[in-house]
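Novice: what would the 3D arrangement of this be:
(chains A, B, C and D)
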2 protein chains.
Amino acid sequence: MGGFPTVTDVARAAGVSRQTVSNVMNSPGIVRADTRQRVEAVIKELGYRPHASARRLRTRRSSTIGIRLDPMIDGISGSVLDRFLHALTEQADAQGLRVLLFTATSPEDEITQFRRLNDGADVDGFVLTSTFAGDPRTHWLIENGISFVTFGRPWGVDDMNDPQHLWVDVDGWAGLHEATRAQQEAGARRVAYIGWPSPSGSGDERRRGWYDAMTERGDVSADDLAELEIVTPDGVSQGTAAMARLRQNAGRIDAVLCASDSLALGAMIANPERVPVTGYDNTPVAAAIGLSSVDQAVDEVAAGVLALLTGEFGGKVHGAPESAEPRHRLVTPRLVVREFAAIPMDVPQDVRLDVPQSVPQSVPQDVPLDVPLDVPQ
Amino acid sequence: MGGFPTVTDVARAAGVSRQTVSNVMNSPGIVRADTRQRVEAVIKELGYRPHASARRLRTRRSSTIGIRLDPMIDGISGSVLDRFLHALTEQADAQGLRVLLFTATSPEDEITQFRRLNDGADVDGFVLTSTFAGDPRTHWLIENGISFVTFGRPWGVDDMNDPQHLWVDVDGWAGLHEATRAQQEAGARRVAYIGWPSPSGSGDERRRGWYDAMTERGDVSADDLAELEIVTPDGVSQGTAAMARLRQNAGRIDAVLCASDSLALGAMIANPERVPVTGYDNTPVAAAIGLSSVDQAVDEVAAGVLALLTGEFGGKVHGAPESAEPRHRLVTPRLVVREFAAIPMDVPQDVRLDVPQSVPQSVPQDVPLDVPLDVPQ
DNA sequence: AAGAAAAGTTTGATCGATCAAATATTTTCG
DNA sequence: CGAAAATATTTGATCGATCAAACTTTTCTT
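Specialist: Residues are numbered from 1 along each chain as shown, chains lettered A, B, ... in the order given. Predicted structure coming up:
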């Protein structure tokens, strides 16, 4: 009559004790088969569902993980975080975990939220995104013994092997290496790279992937290689400007790789010769425009994050330092090849580094464009 | 020494009873000022935080709202849902509410999740997105007396005034009406519209906004108006095809309005005369390409959803049918005007309705493109 | 100033589940 | 067969907070 049935109701109906009902749900192994079946039948019949809060109060665990919903999710590159969030939620659901969102305006504010959610037993652990060098969040979490896994490796010196810090990341080096190889195999020799200024954890990784592939091949001189590289902050208009500069200074270009889809989209604009352009992140924009792009395998990342969070270490290292279980995972991204220049674009022949006043800006000012996922700010 | 301090610890340290501590937190008004200050000081000193699960067990409310993370969030149009989710989380946080995510593969599956989360006292109510005609979810929730608010009005006959169903929606009519007016004021007379096939709840609304603005002005004949309208399923390549058809059949065109940014992006491609194109949703793509677009004011939508969910009705109607408080909100979208054709595009003169085999497809096949937010499936 | 009313505070019970320890039952084996 | 061991089940206590009702103190009324 009242609300929902409780363990006591089920126990009475099945002619057993509360604890046996509890055991059927949590340690089926220790209940005799016939008893278990009887209880299970009653559970189904009454439509019994355990009361999550009561269980959490007693067990002191919430089966919930917290993740900050990043404001930069609005940008083009933000969609990687979206897809990650979706994959994480889906896979968490499948193993009985819930995902709780929160927002924060700064790393300090985020730490406040950590405390609030942890003290209130709202969550068992956290998933962090957008890590950066000297990230105060990871230090705080480690100090306070709170479980967490980061999507993105720690960028500080030596932090990468900190056994207290569990992480999953995408191998940007491999992504660019494969993308470069793909262009070379398609006949390209002079493959240019538009990247971000160093130091940038993930940016430097990606650049190295391109650089290594180029030097392994060995058919471009060091001087030429230097000409084929250009750095710029992230953004569509920056990509356009960088491409224009490349065309002025680098001589023949057979293909262009970019550190982000934003740059790639921009590069596409100042690309009348329709040189193949490859971006990074495989965002919807890339898909719509028909750009090849390196896809961060968010499903694998999510799986890795959950495995570490629920695995042997329970998201943190409690003893067992001799364990062989790896404390991080490096996921290899996938290159998504698309028909080149699906959208034919043309550009006035007089494109200069500084966009002339008489021509409309190629990027409107009203939207802050897409800080990429993992660039330290 | 053990874990965190509890009410009992605080009570002891402050020399009061548990209940007084509880009152300080929940009904400060009934505690004498000096007592309250003393207790508050102790709370701060001990760093006491209430245990969320214990509170929920006792009060039978979770201060958490559930929302399904939609798979279609990956598409271009999906970013509206993203932005809504972010706004919702931010504003929920501000009023002490948590947001819990879940995924589902179908409306039926979603109902299963509703049951699970509700029975377990995980959530107090739900926010639904992507409503469609005959949506089984809302019926189920109403039947089971579970609180919910939808982003998107109910599309069934008479459903819109169903007093059991609280909703917030964006006024697509007003959006298109304003966009049309804006073009007319800029000197356009023959404004075309690329929309979705009827019946489509939100699609029909938007079309009506354009249609009404055009007939109010009255300088285009009914025949011409029919020529200026074209319907097609959503998608970039569909937009391109539609635009090409318009150019063949509609005579002069001064401006084009589209039911989505996907269509607008497509239309942009087959637009050598650089007729102004306006999209809908103000997605990152529109921002990057420099398309004008109708922005669904997600902040206002989120505020409205929360107000209804926590307001007089608590997300559902329990008596008080004579109340004057509105049971739904219609938010007026904002037109974001951008410099036209920020990205110069050109198209071969021989664009035909069927894309020739020798020319690369304008949209790659490997990505399911962007079902818009509110199109019934 | 006495009694009533209001305001402030405390006590015991309770939400629904699980833990720890006790008890009952079945199995094993000399 | 019967005692010890192994297995199965039950009982009482507990997690941390709030509710409901009892109790104490202060304020108001006449």
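Novice: could you use CA atoms for every contact and neighbour count after this?
Specialist: Will do.
Novice: what helix or strand is A:L309 on?
Specialist: For A:L309, the element it lies in under DSSP states H and E is helix A:298-310.
Novice: any residues touching that helix, and which ones?
Specialist: Here helix A:298-310 makes contact (C-alpha atoms under 8 Å, 6 or more residues apart in numbering or on different chains) with A:80, A:83-84, A:87-88, A:91-92, A:125, A:127, A:147-151, A:166-170, A:314-316, A:327-329, A:331.
Novice: and those residues, which of them are in helices?
Specialist: Judged by DSSP state H, helices contain the following of these: A:80, A:83-84, A:87-88, A:91-92.
Novice: highest neighbour count among those residues?
Specialist: A:L88 (28 neighbours; other C-alpha atoms under 10 Å in any protein chain shown).
Novice: chain neighbours aside, what residue packs nearest to that residue?
Specialist: Once flanking residues are discounted, A:L88 sits nearest to A:A302: 4.9 Å by C-alpha to C-alpha, 6 or more residues apart in numbering or on different chains.
Novice: now that neighbour: how far from chain B?
Specialist: 14 Å (C-alpha to the nearest C-alpha, to the nearest Å).
Novice: what does A:L308 give?
Specialist: As for A:L308, its distance to chain B is 21 Å (criterion: C-alpha to the nearest C-alpha).
Novice: OK, contacts around A:V24?
Specialist: Shown in contact with A:V24 (C-alpha under 8 Å, 6+ apart): A:31, A:36, A:39-40.
Novice: can we see that at 10 Å?
Specialist: When contacts are counted by C-alpha atoms under 10 Å, 6 or more residues apart in numbering or on different chains, A:V24 is found next to A:30-33, A:35-37, A:39-40, A:43.
Novice: just the buried ones from those?
Specialist: Among those, those classed as buried by neighbour count (16 or more other C-alpha atoms under 10 Å in any protein chain shown) are A:35-36, A:39-40, A:43.
Novice: narrow those residues to those in strands?
Specialist: Among those, DSSP state E puts none in strands.
Novice: number of residues surrounding A:S106?
Specialist: For A:S106, using other C-alpha under 10 Å, the count is 9.
Novice: distance from the lowest-mean-pLDDT helix or strand in chain A to the middle of the chain?
Specialist: Here the helix or strand of chain A ranked lowest by mean pLDDT, DSSP states H and E is helix A:284-289, holding a mean of 76. Relative to its chain's centre, helix A:284-289 lies at 19 Å (C-alpha atoms, centre = their mean, to the nearest Å).
Novice: which neighbouring elements make contact with it?
Specialist: Packing partners of helix A:284-289 (3 or more C-alpha pairs under 10 Å, 6 or more residues apart in numbering or on different chains; DSSP states H and E): helix A:79-94, helix A:261-269, strand A:277-280, strand A:292-295, helix B:236-249, helix B:261-269, helix B:284-289.
Novice: quick one: which of these is nearest DNA strand C?
Specialist: Taking C-alpha to the nearest atom of the strand as the criterion, helix A:79-94 is the member of the helices and strands packed on helix A:284-289 that comes nearest to DNA strand C, at 17.8 Å.
Novice: does DNA strand C have contacts with stretch A:109-126?
Specialist: No. Residues of stretch A:109-126 contacting DNA strand C under C-alpha under 7 Å from any atom of the strand: none, with a closest distance of 13.4 Å.
Novice: in that stretch, what's buried?
Specialist: Under the neighbour-count criterion of 16+ other C-alpha under 10 Å, stretch A:109-126 has A:110-111, A:113-126 buried.
Novice: closest to chain B out of those residues?
Specialist: A:G120 (4.3 Å; C-alpha to the nearest C-alpha).
Novice: ok, now which ones touch that closest one?
Specialist: With contact set as C-alpha under 10 Å, 6+ apart, A:G120 has these partners: A:62, A:114, B:4, B:48-55.
Novice: go again with 6 Å.
Specialist: For A:G120, the contact set (C-alpha atoms under 6 Å, 6 or more residues apart in numbering or on different chains) comprises B:50-52.
Novice: same thing with A:A286?
Specialist: By C-alpha under 6 Å, 6+ apart, no residues touch A:A286.
Novice: from B:I142, how far off is it?
Specialist: As judged by C-alpha to C-alpha, to the nearest Å, A:A286 and B:I142 stand 42 Å apart.
Novice: A:S260 contacts A:T278, doesn't it?
Specialist: No. Counting by C-alpha atoms under 6 Å, A:S260 does not reach A:T278; the two are 8.7 Å apart.
Novice: stretch A:132-148: which residues count as buried?
Specialist: For stretch A:132-148, using 16+ other C-alpha under 10 Å, the buried residues are A:132-133, A:137-138, A:141, A:146-148.
Novice: so which of the residues you listed sit within strands?
Specialist: Among these, the residues falling in strands (DSSP E) are A:147-148.
Novice: ok, and of the contacts of A:G120, which contact DNA strand D?
Specialist: B:50-52.
Novice: and chain A, what are its domains?
Specialist: Chain A is divided into the following domains under automatic domain parsing: A:7-50, A:64-171+A:298-333.
Novice: so which of the ones you listed is the most packed in?
Specialist: Compared across these, domain A:64-171+A:298-333 shows the largest average neighbour count, a mean of 19 (mean count of other C-alpha atoms under 10 Å in any protein chain shown).
Novice: what is the linear distance spanned by that domain between its boundary residues?
Specialist: Using C-alpha to C-alpha, one end of domain A:64-171+A:298-333 lies 28 Å from the other.
Novice: now do it, average pLDDT.
Specialist: Averaging pLDDT along domain A:64-171+A:298-333 gives 82.
Novice: run the chain-centre distance for that domain.
Specialist: Distance, centroid of domain A:64-171+A:298-333 to centroid of chain: 10 Å (C-alpha atoms, centre = their mean).
Novice: now swap in stretch A:239-258 and tell me
Specialist: 28 Å.
Novice: from start to finish, how long is that stretch in a straight line?
Specialist: With C-alpha to C-alpha, one end of stretch A:239-258 sits 8 Å from the other.
Novice: same check, this time on stretch A:278-296
Specialist: 14 Å.
Novice: what of stretch A:87-101?
Specialist: The first-to-last residue distance of stretch A:87-101 comes to 14 Å (C-alpha to C-alpha).
Novice: got the residues of chain A near DNA strand C?
Specialist: A:3-8, A:18-19, A:21-23, A:25-26, A:49-52, A:54-55, A:57-59.
Novice: among those residues, name the ones in strands.
Specialist: The members of those all map outside strands under DSSP E.
Novice: ok, and which of those residues reach chain B?
Specialist: A:50-52, A:54, A:57 (C-alpha under 6 Å from any C-alpha of the partner chain).
Novice: get me the contact residues on chain A for DNA strand D.
Specialist: By C-alpha under 7 Å from any atom of the strand, the residues of chain A that approach DNA strand D are A:15-20, A:29-32, A:35-36, A:54, A:57-58.
Novice: that older thread, format the ones next to chain B among the residues of chain A next to DNA strand C as TSV; extra columns: pLDDT.
Specialist: Listed next are these as TSV, based on pLDDT from 0 to 100:
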residue	pLDDT
A:P50	91
A:H51	91
A:A52	88
A:A54	93
A:L57	91
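Novice: quick one: which of those is nearest A:V191?
Specialist: Minimum distance to A:V191 across these is 56.0 Å, recorded for A:A52 (C-alpha to C-alpha).
Novice: and the closest one, how far from A:L128?
Specialist: According to C-alpha to C-alpha, A:A52 stands 25 Å off from A:L128.
Novice: check A:M268 too.
Specialist: From A:M268 over to A:L128 the distance is 33 Å, taken as C-alpha to C-alpha.
Novice: circling back: redo the buried ones among the contacts of A:V24 as JSON lines? Include pLDDT.
Specialist: Output for the buried ones among the contacts of A:V24, formatted as JSON lines (pLDDT from 0 to 100):
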{"residue": "A:T35", "pLDDT": "93"}
{"residue": "A:R36", "pLDDT": "94"}
{"residue": "A:V39", "pLDDT": "95"}
{"residue": "A:E40", "pLDDT": "94"}
{"residue": "A:I43", "pLDDT": "94"}
